[in-house]
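Student: Everything below, folded, please.
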Amino acid sequence: MYNFHELREVDMVAMTLSKINELAKEVLEIEANSILRLKDTIGEEFDKAIDILYNCKGRVIVTGMGKSGLIGKKIAATMSSTGTPAYFLHPAESTHGDSGVITREDAIIAISNSGETQELMNLLPLIKRFGCPMIGMTGNLNSTLARTSDVTLDISVEREACPLGKAPTASTTATLAMGDTLAVCLMEKKGFTKEDFLMYHPSGKLGKGLTYKVRDLMITGDKMPLVSDTESFTSVINTISEYKLGMAMVLDSDNKLSGVLTDGDIRRTIIKYPDSSNIKVKDVMTLNPKRITSDAYAASALNLMEKYSITALAVVDDNNIPVGVIHVHDLLRAGVA
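Tutor: Presented below is the predicted three-dimensional model:
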């Protein structure tokens, strides 16, 4: 590791690119190791922390001072956007009235690498007065924060990447990683889905999945590939080729959706029946195909396509009568996919 004082004696202009690159790689290695070390700390205490956060009836209040506070803001933001309502509370401001945001239904995540940050220590009695369960994230397991917390998560690092060993670098990286670990595990435990995620991100490309409904993007009218279940297999191949959607919707005598014939069905049929001239489409179509309603979100259509590895969905009304078809290309053009 380069010594800061040695670096000051070197003409930085003359410092070779190779030395800069070597230092950069060492910093990244130190920070990467600080994250990998956390794997060994995951166990009973982490499980308890997840239980506290999962069972929280109010919000998760994250607090920390300085660089820990900046990381705390990111942790709170990540949790809020992934199904765990969270709020960042500045510890210095908390003792001047801002602690009023805390309720007895909340859970606390208090962050301090030293575990002795004075502003945070001033807040601890208020937290205890509310009776909120507290998770301490600290690099000092013998600290006041560790002793006061209901659960303590070890975020200690062997050394900082800073040449002085003072500026929070590896320790803040480890703290952020632990916060992400909590958020992701909570997502899984709560069954948080992609559609849930979109609900919290209504702007930008993500939000387009909820801005658009299927009816806004689907193909309708005479552009729909519709065939009767009594038609021949070969004639339906021509229909699929004409409409260029990779599928045709097959209707029964009541004009209700009874199946679909896809490019995949065609390939399988030709392999199984070299002479397909006498085959009816109803004999080889996909029964009970995936479908969606026109008032569903475009994001839901995309989820179905991804889940079942299909490129088009039949759109039906309440009576199972086709009213449109939506293709993955429509979603791509709209910026949903």
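Student: buried stuff in stretch 167-179?
Tutor: Applying a neighbour-count criterion of 16 or more other C-beta atoms under 10 Å, one finds 168-179 buried in stretch 167-179. Placement of C-beta: from N, CA and C, glycine included.
Student: Now for Val151, how many residues are close by?
Tutor: 22 (other C-beta atoms under 10 Å).
Student: tell me which residues form a beta bridge with it?
Tutor: Ile135 (DSSP bridges).
Student: how about it, what does it touch?
Tutor: With C-beta atoms under 8 Å, 6 or more residues apart in numbering as the criterion, the residues that contact Val151 are 45, 48-49, 52, 133-136.
Student: likewise Ser171?
Tutor: 34, 113, 139, 155-157, 160.
Student: Including secondary structure and pLDDT, could those go into a markdown table?
Tutor: Output for the contacts of Ser171, formatted as a markdown table (DSSP: H, G, I helix; E, B strand; the rest coil; pLDDT from 0 to 100):
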| residue | secondary structure | pLDDT |
| --- | --- | --- |
| Ser34 | helix | 95 |
| Asn113 | coil | 95 |
| Gly139 | coil | 96 |
| Ile155 | coil | 96 |
| Ser156 | coil | 95 |
| Val157 | coil | 94 |
| Glu160 | coil | 94 |
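Student: Of these, which is the nearest to Thr211?
Tutor: Of all the contacts of Ser171, Thr211 sits closest to Ile155, with 39.3 Å by C-beta to C-beta.
Student: Quick check: the gap between the closest one and Leu164.
Tutor: Shown here: Ile155 relative to Leu164, a distance of 20 Å by C-beta to C-beta, to the nearest Å.
Student: burial measure for Ser156, as a count.
Tutor: With other C-beta under 10 Å as criterion, Ser156 counts 17.
Student: Now it. Nearest residue, chain neighbours left out?
Tutor: Spatial nearest neighbour of Ser156, excluding adjacent residues (C-beta to C-beta, 6 or more residues apart in numbering): Gly139 at 3.7 Å.
Student: quick one: that neighbour and Glu116 touch, right?
Tutor: No: here Gly139 does not reach Glu116: they are 10.9 Å apart, not a contact under C-beta atoms under 8 Å.
Student: Which one's more surrounded, the two?
Tutor: Neighbour count, other C-beta under 10 Å: between Gly139 and Glu116, Gly139 has more, with 19 against 14.
Student: Contacts only, for that one.
Tutor: For Gly139, the residues meeting the contact criterion (C-beta under 8 Å, 6+ apart) are 113-115, 154-157, 171, 174.
Student: can you pull the contacts of Tyr243?
Tutor: Neighbours of Tyr243 in contact, by C-beta under 8 Å, 6+ apart: 223-225.
Student: For it, give its distance to Asp254.
Tutor: Taking C-beta to C-beta as the criterion, Tyr243 is separated from Asp254 by 22 Å.
Student: and what of Phe197?
Tutor: When distances are taken as C-beta to C-beta, Phe197 and Asp254 turn out to be 39 Å apart.
Student: Can you pick out the residue with more neighbours from the two?
Tutor: In this comparison of Phe197 against Asp254, neighbours counted by other C-beta under 10 Å, the higher total goes to Phe197 at 16 against 9.
Student: And the pLDDT at the more buried one?
Tutor: At Phe197 the predicted local confidence, pLDDT, stands at 77.
Student: Can you tell me the SS state at it?
Tutor: Taking DSSP: H, G, I helix; E, B strand; the rest coil as the rule, one finds Phe197 in the helix state.
Student: Pull the number of nearby residues for Phe46.
Tutor: Counted by other C-beta under 10 Å, the residues lying close to Phe46 total 19.
Student: got the end-to-end distance for stretch 141-156?
Tutor: Taking C-alpha to C-alpha, to the nearest Å, the first and last residues of stretch 141-156 lie 9 Å apart.
Student: before we move on, back to that, out of the contacts of Ser171, what pair is the most spread apart?
Tutor: By the measure C-beta to C-beta, Ile155 and Glu160 form the most distant pair in the contacts of Ser171, at 12.5 Å.
Student: So those two - more neighbours on which side?
Tutor: Under the neighbour definition other C-beta under 10 Å, Ile155 and Glu160 were set side by side, and Ile155 has more, 28 against 21.
Student: Test my guess that the more buried one contacts Met137.
Tutor: Yes: between Ile155 and Met137 there is a contact under C-beta under 8 Å: 5.2 Å.
Student: shared neighbours of the two, anything?
Tutor: With C-beta under 8 Å, 6+ apart as the test, Ile155 and Met137 both reach 175, 178.
Student: just the strands in this protein please.
Tutor: Using DSSP state E, the strands of the chain run over 60-64, 86-89, 107-111, 134-138, 151-154, 226-228, 247-251, 257-262, 286-287, 291-293, 312-316, 322-327.
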